[in-house]
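Visitor: Return atomic coordinates for the entry below.
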Amino acid sequence: QVQLMESGGGSVQAGGSLRLSCAASGYTFGSACMGWFRQGPGKERERVARIHPSGLITYADSVKGRFTISKDNAKNTLYLQMNSLKPEDTAEYYCAADRQLGFCRGQFEYWGQGILVTVSS
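Guide: Numbering: from 1, shown residues only. Take a look at the predicted model:
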């Protein structure tokens, strides 16, 4: 059974930093397309960052230059380093994985439970 569990969220002032972690189990993590998503109050869910099994990374324009996605295959853990946080980054953050291994289809079947990040001005 695939499980994804986020940690590292919390409250921070604008300009601060947080690092989210997503621990994966029951899954061939090293061959997976994985991503971070978020959904803010009254907003639609958006993809924040994605990492292809090859290591190719894409970011939403809203976080480019501030957020960094990475993964440690030995630890089966995905990370999202968030710097220069803004109030508009306030959201529930989710990690997700594509069920199909080896490439990114743009579909994510496995999801974590979500973790709240609150940025105050």
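Visitor: Strands along this protein, start to end?
Guide: 3-7, 10-13, 18-25, 34-39, 46-51, 57-59, 67-72, 77-82, 91-97, 110-111, 115-120 (DSSP state E).
Visitor: Compare the ones you listed and give me the one nearest C104.
Guide: The closest of the strands of the chain to C104 is strand 46-51. By CB to CB, the value is 6.6 Å. (Glycine included, C-beta is placed from N, CA and C.)
Visitor: Neighbouring strands of the closest one in the sheet, and parallel or not?
Guide: Paired neighbours of strand 46-51 in the sheet (DSSP bridges): strand 34-39 (antiparallel), strand 57-59 (antiparallel).
Visitor: Need the winner for burial among the ones you listed.
Guide: Across the strands paired with strand 46-51, averaging neighbours per residue (mean count of other CB atoms under 10 Å) puts strand 34-39 on top, at a mean of 22.
Visitor: okay, it in CSV with CA atoms only?
Guide: Taking Å, rounded to 0.1, in the frame of the first residue of the first chain, the C-alpha atoms of strand 34-39 are listed here in CSV:
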residue,chain,number,x,y,z
MET,A,34,6.5,13.3,-8.0
GLY,A,35,5.1,16.8,-7.3
TRP,A,36,4.1,19.3,-4.7
PHE,A,37,0.7,20.9,-5.0
ARG,A,38,-1.1,23.5,-2.9
GLN,A,39,-4.6,24.9,-2.4
